[in-house]
Every structure is written in C-alpha cells, then in structure tokens.
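**Student:** Show me the folded form of this:
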Amino acid sequence: MTRNIDLNSDLGEGYGAWKMGDDATMLGIVSSANVACGFHAGDPLTILATVREAAARGVAVGAHVSYPDRVGFGRRPMDVTHAELAADVIYQIGALQGICASAGTRVSYVKPHGALYNTIATDPRQGAAVIEGIKAVDPGLAMMGLAGTQILRQAAEAGLPTIAEAFADRAYRPDGQLVSRREPGAVLHDPEAVAARMLRLATEGEVEAADGSVLHLHADSICVHGDSPGAVAMAARIREVLLAGGVSIAPAAGGAA
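**Tutor:** The predicted model follows:
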C-alpha cells in the first residue's frame, strides 16, 4: 500500500511568444517538475523562469528529454541510432543542469517525453541508449518511466535508481500501456473522477483500464500533463483528495539542492 507519493507535471514547455500551461500556479501544487530541455519545447528564458520558480518552492526538477521534434511536440516516433540518441540525452541533461546551477537547484531525475517515453517502454534498444546517456552524465540520476514496463527493470539492472510513474489524466489499456492520443477517451477531463481514481491507485495499487478491467500498479509518482485543458484545477483537486485520504505528497527523487 502506497501512503507517500510524488505529484509531477510537464512544465517549461512554452516557446517564445507561444505560452503553454500555467507553470507558476502548477508549481504551487506539484512536488516535481519535468522541465522541457529545448528538443520538443522550451526556450532558454522559459526554462530558466520555470526552474527558478521550482527552486523557490522546493520542487524537484527533472530533465524532460525528447526526440528533436519541436514541430511534432516530441510526439512522433523516430528511428534514431544508439549513438545519436545517447548524445541527445546527454546534451539535454547538460543544458538543464547549467540552468539549474544558475538557479541554485539541480537535476534530480530524468523523464523521457512523449514518443520517446512510449517507445522505450517496450523497445530495449532505444531504452539502452537513454540509459547510457543518463549514466554518462550522472549515474545517480533517477530514471522515471511508465509503471509496470520493462524500461524500469532495464534501468534498475543498469544501476540507475528508478521512479515508477502513473498518469492521472490518461486512459490505460488492459496491458498497462497508455491509450493512444489518437483514440477517443485517451485523455480524461473530469477532476473529481480523476482524483478518486488516483486515490485508489495510491492507497490500493489499482487503476481501472479503458475496458473496465483492473490493473495492479505500483506507482511512485503521478503525472498531470501541464498542457491539458483544466490541468491546474485537476492537479489541485488530486492533491486535495490525496491529502484528505491520508496520502502524503513529496518528491520521489528529492527536492531542491
């Protein structure tokens, strides 16, 4: 039974004049921030502002690494070589580390984004490249991945700390994978239903799949996507319901330095 859990969101995803989400408000709700590193979203000023706010609030910072795909927001699969993907991961973590150092905090973990996240959940070849990139920078960095998938076992076997993640606002397939965003009902929008769903996950280790079957999942962290409509209200309600249900909220990989 999980009585302590992390609440995270994907932040720093604006780009120049294009604003994405309400990072400042979300950082008052979550305990960890998955910060874009420029490959799928995020410009230096937006990333810096997000990291500074995270540091001020004691929110843990994770590197939200991606395929190089700004136009597709990192949600299109890419067939890249092992060497290229490992280098891309190193580059992105390094960029965020520099910004974190300037803001008086640090990168505590790495969470792949979008298509890369989904690919490595089942593809050990690309998973190995991501793991190699993380270890090359700092083998003490935790790897965040989809709860119940092979990437977490692969990362643990390679010596990385791991964080098993569940998604508050996404529907699950019976096999534990996320329902594709191309399918109806993939994204959940009712804050009350989602909050009740996450309390059940945190206290009982269960979540209902799209077909009505019950999945048994251990999760260390719960994600609310910062770019979803009503994301702030949903995250706030999840936090309220978890705390009322006796679940404490804290970073899975430690807070600000």
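**Student:** Give the residue spans of the chain that score low on pLDDT.
**Tutor:** Low-confidence segments of the chain, defined by pLDDT under 70: 1-2, 228-229, 254-257.
**Student:** repeat that with 50
**Tutor:** Along the chain, segments meeting pLDDT under 50 span 1.
**Student:** As a check, name the ranges of all strands in it.
**Tutor:** Using DSSP state E, the strands found in the chain span residues 4-11, 32-36, 60-64, 107-110, 142-146, 162-167, 206-208, 214-216, 221-223, 248-249.
**Student:** Give me the nearest residue to Ile131, chain neighbours excluded.
**Tutor:** Ala158 (4.9 Å; CB to CB, 6 or more residues apart in numbering). Using the backbone N, CA and C atoms, a C-beta is placed for each residue, glycine as well.
**Student:** dump the residue contacts of the one you found.
**Tutor:** Counting by CB atoms under 8 Å, 6 or more residues apart in numbering, Ala158 makes contact with Ala128, Ile131, Lys135.
**Student:** Now for the last one: which residues touch it?
**Tutor:** When contacts are counted by CB under 8 Å, 6+ apart, Lys135 touches Ala158, Gly159, Leu160.
**Student:** contacts for the longest helix along the chain?
**Tutor:** As assigned by DSSP state H, the longest helix anywhere in the chain is helix 82-103. The contact list for helix 82-103, computed with CB under 8 Å, 6+ apart, reads 35, 37-39, 44, 47-48, 51-52, 54-55, 61, 63, 65-68, 80, 106-107, 110, 125-126, 128-130, 132-134, 136-138, 141.
**Student:** what's the angle between it and strand 32-36?
**Tutor:** 120 degrees (axes from the mean of the first three to the mean of the last three CA atoms, to 10 degrees).
**Student:** quick one, helix 82-103 and strand 60-64 angle?
**Tutor:** Using the same axes, to 10 degrees, helix 82-103 lies at 150 degrees relative to strand 60-64.
**Student:** next one: phi and psi at the residue nearest to Ile131?
**Tutor:** Here is the backbone geometry of Ala158 (degrees, to the nearest 10): phi -90, psi 0.
**Student:** can you tell me how far it sits from Ala219?
**Tutor:** According to CB to CB, to the nearest Å, Ala158 stands 21 Å off from Ala219.
**Student:** again with Ile238
**Tutor:** 13 Å.
**Student:** Among those two, which residue is more densely surrounded?
**Tutor:** Neighbours were counted for Ile238 and for Ala219 using other CB atoms under 10 Å; Ile238 has more, 26 against 23.
**Student:** how about the nearest residue to the more buried one once chain neighbours are set aside, what does it touch?
**Tutor:** Leaving aside its chain neighbours, Ile238 sits nearest to Ala195 (4.7 Å; criterion: CB to CB, 6+ apart). Neighbouring residues of Ala195 by CB under 8 Å, 6+ apart: Ala168, Met234, Arg237, Ile238, Glu240, Val241, Leu242.
**Student:** any idea which of the residues you listed is closest to Gly176?
**Tutor:** In terms of CB to CB, no member of the contacts of Ala195 lies closer to Gly176 than Ala168, at 15.6 Å.
**Student:** and the closest one, how many residues sit next to it?
**Tutor:** With other CB under 10 Å as criterion, Ala168 counts 25.
**Student:** Just give the number of residues close to the nearest residue to Leu217 once chain neighbours are set aside.
**Tutor:** Nearest non-adjacent residue to Leu217, counting by CB to CB, 6+ apart: Ala147, 4.7 Å away. Close neighbours of Ala147, defined as other CB under 10 Å, add up to 25.
**Student:** same check, this time on Leu217
**Tutor:** Applying other CB under 10 Å, we find 18 residues neighbouring Leu217.
**Student:** what residues are up against it?
**Tutor:** Ala147, Gly148, Ala164, Ala166, Gly176, Leu201, Gly205, Glu206, Val207.
**Student:** Same question for Ser221.
**Tutor:** Ile5, Asp6, Leu7, Asn8, Ser32, Met144, Ile163, Ala164, Glu165, Ala166, Ala252.
**Student:** The same query, at a cut-off of 7 Å, please.
**Tutor:** If you count contacts by CB atoms under 7 Å, 6 or more residues apart in numbering, Ser221 has them with Ile5, Asp6, Asn8, Ser32, Met144, Ile163, Glu165, Ala252.
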